[in-house]
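S.K.: Give me a 3D structure for the following:
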Amino acid sequence: WGTPKREEAVARLVSRGAEAASVLAQRLPGPIEAAKLSYGEAPPVEEHGPICAALVALGARAVPAILPLLADVDPQRRYYAVLILGRIGQGDSLAAVAERIFDSHAKVALATRGVLVTLRKKPELGPVFLQMRQALAQPDPDRAAQAARALGQIRDVEAIPALITLLASADSLAADAAAD
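M.R.: Numbering: from 1, shown residues only. Predicted coordinates for the structure are as follows:
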């Protein structure tokens, strides 16, 4: 993926900063060169294609252009927005990324959980994990199940009492997620 020609093109785009980020975000994900693999087997997002590589290289300058894509109607754009923002790891964007654990598209929710596992030690995520713990007690069983899956994968020990309570839930979806 890292041919000299591509690296030169990415460097030129990076030199244009936020202007380039805006144009690239409109075209996300662009041509994808990574094979269709499961989230855990996939290479880093910057190896998926040239637009992904340029946005990751832009770093924090790309965040304002990518954040709106978390709410895009296209799940593939949401998926790549999650992966790129997670790779950049800028604190003020992490709460918006974490909200995608509740995404209606399973691939986006799974990618979000993977990002949260990777970034779980960032202090900015403390309030986000608290909100997820609170979601365990909500009447919406799907939301509780998604929160349970995420908290279990990030190994949030503070969630253990709430997860144990959820095991006794009359809703099998939430109880099964808590058991995972």
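S.K.: you'd agree residue 21 is up against residue 67?
M.R.: No: counting by C-beta atoms under 8 Å, residue 21 sits too far from residue 67 to count as a contact (10.8 Å). (C-beta placed from N, C-alpha, C; glycine too.)
S.K.: In terms of neighbours, single out the busier of those two.
M.R.: residue 21 (23 against 17; other C-beta atoms under 10 Å).
S.K.: how near is the more buried one to residue 56?
M.R.: According to C-beta to C-beta, to the nearest Å, residue 21 and residue 56 sit 11 Å apart.
S.K.: which residues do these two both contact?
M.R.: Each of residue 62 lies in contact with both residue 21 and residue 56 under the rule C-beta atoms under 8 Å, 6 or more residues apart in numbering.
S.K.: Spit out the contact partners of residue 95.
M.R.: If you count contacts by C-beta under 8 Å, 6+ apart, then residue 95 has 124, 127-128 around it.
S.K.: And it, how far from residue 23?
M.R.: Distance from residue 95 to residue 23, by C-beta to C-beta: 26 Å.
S.K.: same deal with residue 60?
M.R.: 17 Å.
S.K.: How about residue 96?
M.R.: For residue 96 relative to residue 23 (C-beta to C-beta), the value is 21 Å.
S.K.: Show me which of the two is the more surrounded one.
M.R.: Set residue 96 next to residue 23 and count neighbours by other C-beta under 10 Å: residue 96 wins out with 18 against 14.
S.K.: I'd like the secondary structure assignment at that one, please.
M.R.: Using DSSP: H, G, I helix; E, B strand; the rest coil, the structure places residue 96 in helix.
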